[in-house]
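1. pasting the structure only:
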């Protein structure tokens, strides 16, 4: 019994006529009901007393055990463990142990909520991967082209997901997202991407899709542009603004493309560049996923991408 009390348990001993013989360490919520002749009704109230009576009535022989849990208020949970004990020559007794399960049940509820959240986010991520696979396959001429683009996009998703996980699923900060998606392709020239504006915390969904957009743009810049050669830095910015009376965010990518005799330094015509840079991910998948609008332009000297989406896709 001292060991039970040390563990925070309450102990009640009754004879088989339900008379209280011993009570110790009763939880504060019920301790006020103690009197010279306590009983279940005065201590615990009608609902609990009724359920305890049903359980105790089923325990008629020595060694039998039973338990029941009660929620008290919105947070507290108590488990009542009852067993019969026979003392030679004195008959049967009921020993009730009350254990506070509030913290344990709270952890269980939290774990179930986390598991539901993980399941929900996993399904969303799988849906994104399926969409990327379909769009990549639609615009890939060969299997090697598909595999190359699809692997890159999956890697982009995994990098963004790392940022989201590190923030306890809150999302990713804009500056971190841009740097993570671009520095892999410019390991010796990170200065060629300059980030400015509001460093907002994007929601997980916006983080994943904006990460895809950044990946697509930097891959295009490295593959088809003359980024390292001309040394002209790419400008990436993020600014809050009002669109039709709604709080929104605009993300811009500005990249210079020097020309020589009517052709870009890459050796490709402007029409060819438009075909190479015309990405369904940038123009359709990303804006649709954040309920926004995108504008993708390639001129004789510049490539620009603008994505505007509502503030409800930003975590405050």
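-> Sure thing, it's come through. Just so it is clear, the model here is predicted, and its values are computed rather than measured.
2. Residue 232 - that's part of a strand, no?
-> No. Assessed with DSSP: H, G, I helix; E, B strand; the rest coil, residue 232 is coil; it does not lie in a strand.
3. gap between the helix ranked longest in the chain and the chain center?
-> Secondary structure of the chain per DSSP state H: the longest helix is helix 102-138. Here helix 102-138 shows a centroid-to-chain-centroid distance of 8 Å under the convention CA atoms, centre = their mean, to the nearest Å.
4. List the buried residues for that helix?
-> Neighbour-count burial for helix 102-138, counted by 16 or more other CB atoms under 10 Å, picks out 105, 121, 125, 128, 131, 132, 135, 136. Backbone N, C-alpha and C define where each C-beta goes, glycine included.
5. would you list every one of the helices in the stretch 201-316 of the chain?
-> Secondary structure of the stretch 201-316 of the chain by DSSP state H, counting those that start in this stretch: the helices cover 204-224, 227-230, 270-277, 280, 286-289.
6. Residue 282 and residue 215 touch, don't they?
-> No. At 10.1 Å, residue 282 does not count as touching residue 215 under the criterion of CB atoms under 8 Å.
7. Need the contact partners of stretch 78-87.
-> The set of residues external to stretch 78-87 that reach it, using CB atoms under 8 Å, 6 or more residues apart in numbering, is 27, 52, 55-56, 59-70, 72, 92-102.
8. Now the buried members of the residues you listed.
-> Taking 16+ other CB under 10 Å as the criterion, what is buried in these is 52, 56, 59, 70, 92-101.
9. Strands - which of those land there?
-> Secondary structure defined by DSSP state E assigns 70, 92, 93, 94, 95, 96, 97, 98, 99, 100 of the buried ones among the contacts of stretch 78-87 to strands.
10. list the contacts for the fourth one?
-> Contacts for residue 94 were tallied using CB under 8 Å, 6+ apart; they are 13, 14, 15, 16, 18, 56, 59, 82, 83, 84, 85.
11. same deal with the second one?
-> Listed by CB under 8 Å, 6+ apart, the contact set of residue 92 reads 15, 16, 61, 62, 84, 85, 86.
12. and with 6 Å instead?
-> Taking CB atoms under 6 Å, 6 or more residues apart in numbering as the contact definition, residue 92 lies against 16, 84, 86.
13. what angle sits between the longest helix of the chain and helix 204-224?
-> 30 degrees (axes from the mean of the first three to the mean of the last three CA atoms, to 10 degrees).
14. nearest residue to residue 289 other than its sequence neighbours?
-> Counting by CB to CB, 6 or more residues apart in numbering, residue 289 lies nearest to residue 209, which is 4.4 Å off, once chain neighbours are set aside.
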